[in-house]
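> Just a sequence and a predicted model for now, questions to come.
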Amino acid sequence: HNAFYLNEKLKLVHDYVFGHYREKIKINDLAAKLNTTVVSLNRFMKQQTGRTFTAFLNDHRISHASRLLIETQKSISEIVAESGFYNQANFNRIFKQKRGCSPTQFRKNYAGVKTVFNT
């Protein structure tokens, strides 16, 4: 494999995630689109990003959710749905792993920072 092919493949995965992260993404559907297997796709993602496809997808979803928590007053359940998670308990668990606090605490912490900088 040449570097261009690897970069092109990673760009396809990246573009797919950015275009579809709000939907239920099945890794086997993406693997089929890329004409590869789930095992090969995960190996490729691990080599290129240090993360599995699911971790890559969840990182993007958590980043989007974090922005919504900071920039909007939307409810946690709205943010869960808009970020592509289908289960609030699962969202809360993954969010806490990635951010070290609950979504509610994250919002409160950020609101405190915004207040300090806006005064």
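That came in fine, so what should we check first? Numbering: from 1, shown residues only.
> Just give me the neighbour total for S83.
Burial of S83 is recorded as 22 neighbouring residues (other Cβ atoms under 10 Å). (C-beta placed from N, C-alpha, C; glycine too.)
> Just the helices from this structure, written as ranges.
With helices called from DSSP state H, the chain shows them at 3-20, 27-33, 38-49, 53-71, 76-82, 88-99, 103-118.
> Turn these into TSV, including mean neighbour count.
TSV is the format used below for the helices of the chain (neighbours: other Cβ atoms under 10 Å):
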stretch	mean neighbour count
helix 3-20	12
helix 27-33	14
helix 38-49	15
helix 53-71	18
helix 76-82	17
helix 88-99	16
helix 103-118	12
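> will you turn those into a markdown table that also has mean pLDDT?
Formatted as a markdown table, the helices of the chain follow (pLDDT from 0 to 100):
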| stretch | mean pLDDT |
| --- | --- |
| helix 3-20 | 84 |
| helix 27-33 | 92 |
| helix 38-49 | 94 |
| helix 53-71 | 95 |
| helix 76-82 | 96 |
| helix 88-99 | 96 |
| helix 103-118 | 77 |
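> Next up, phi/psi of the closest residue to K46 other than its chain neighbours, please.
By the measure of Cβ to Cβ, 6 or more residues apart in numbering, the closest residue to K46 outside its immediate chain neighbours is T52, 6.1 Å from it. The phi/psi pair for T52 (degrees, to the nearest 10) reads phi -70, psi 170.
> Double-check T52 against N42; I have them as touching.
Yes - contact status for T52 versus N42: in contact at 5.1 Å, counting by Cβ atoms under 8 Å.
> how much space between S77 and L69?
Remark: distance between S77 and L69 (Cβ to Cβ, to the nearest Å) = 12 Å.
> typo on my end, it should be N35
Taking Cβ to Cβ, one finds N35 at 38 Å from L69.
> same question, A32
From A32 to L69 the distance is 34 Å (Cβ to Cβ).
> which residues touch the residue nearest to K46?
For T52, the contact set (Cβ atoms under 8 Å, 6 or more residues apart in numbering) comprises N42, M45, K46.
> Thanks a lot, see you next time.
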